[in-house]
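Enquirer: Below are the sequence and a predicted model for it; my questions follow.
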Amino acid sequence: MAKLGKKRKAAEALVDREAQYSLPDAMAKVKEVNTASFDASVDVHMRLGVDPRKADQALRGTVTLPHGTGKTKTVLVFCTPDKEEEAKAAGADYVGLDDLVAKVQGGWTDFDVVVAAPNVMAQVGRLGRVLGPRGLMPNPKTGTVTPNVGDAVADVKGGKISYRVDKFGIIHSSIGRISFSAEQLNDNARELIDTIIRSRPASVKGSFVKSVTVASTMSPGIKVSTKF
């Protein structure tokens, strides 16, 4: 096991491992213990009482963070020529169909979000092997398969993010950067957590939110009270 550096040791000493911090206190603490020299991502990790193998418990969805993510996302739009201007006007970074499909088939994935019009999904569906493992496949549930491609692009650029539960029942999501104020981080985290709680499947028995942890890219994890 790698030895902790002096900065990380000092940061670890500032976190009470036995405590569960309130959400506002956790956001203040994550800024206090940050050791990164760059504008690190701040992430929330929610362990849920779900069985992702069951279709109705394989949670996924979207949420618009009040203060955005602090990162401008690169958006690729697959559409027919009549939709190209709409996508470009909304801020899409790459727009097209056949040429872009071929480029992605060749392994190109230099983008963060993919939006597709429904009438081109037959072509886009062929890209499942490339886009699927990276979580980039457009999906109606996340609003990324839609005839209103311009609106979808504007949503992404405005702070809309996707989340999905992994095979261990955990949702990992960035809710901002360490340069955000503690209040901004708290607002964003609260919006994410509340959205996920509202999506609780009816078939889940017992406690839904098992644990919540917040951490920046290079900080120790901070336990958050699940009494929301």
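Expert: Structure received.
Enquirer: Only C-alpha atoms from now on, for both contacts and neighbour counts.
Expert: Will do.
Enquirer: got the contact list for Thr226?
Expert: 209-212 (Cα atoms under 8 Å, 6 or more residues apart in numbering).
Enquirer: And Met27, how far from Val156?
Expert: The spacing between Met27 and Val156, counted by Cα to Cα, to the nearest Å, is 24 Å.
Enquirer: Most neighbours among the contacts of Thr226, which one?
Expert: Neighbour counts for the contacts of Thr226, by other Cα atoms under 10 Å, peak at Val212, which reaches 21 neighbours.
Enquirer: I'd like the C-alpha coordinates of the strand or helix carrying that residue written as CSV, please.
Expert: When secondary structure is defined using DSSP states H and E, the element that contains Val212 is strand 209-216. Extracted as CSV, the C-alpha positions of strand 209-216 are listed here (Å, rounded to 0.1, in the frame of the first residue of the first chain):
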residue,chain,number,x,y,z
VAL,A,209,-30.2,5.3,0.8
LYS,A,210,-27.6,3.1,2.5
SER,A,211,-24.7,5.6,2.6
VAL,A,212,-23.5,8.8,1.0
THR,A,213,-19.9,9.9,0.7
VAL,A,214,-18.4,13.1,-0.8
ALA,A,215,-14.8,13.5,-1.9
SER,A,216,-12.8,15.6,-4.3
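Enquirer: the helices in this structure, which residues?
Expert: Counting by DSSP state H, the segments of the chain that form helices are 6-13, 23-32, 81-89, 98-105, 121-124, 128-131, 149-157, 182-198.
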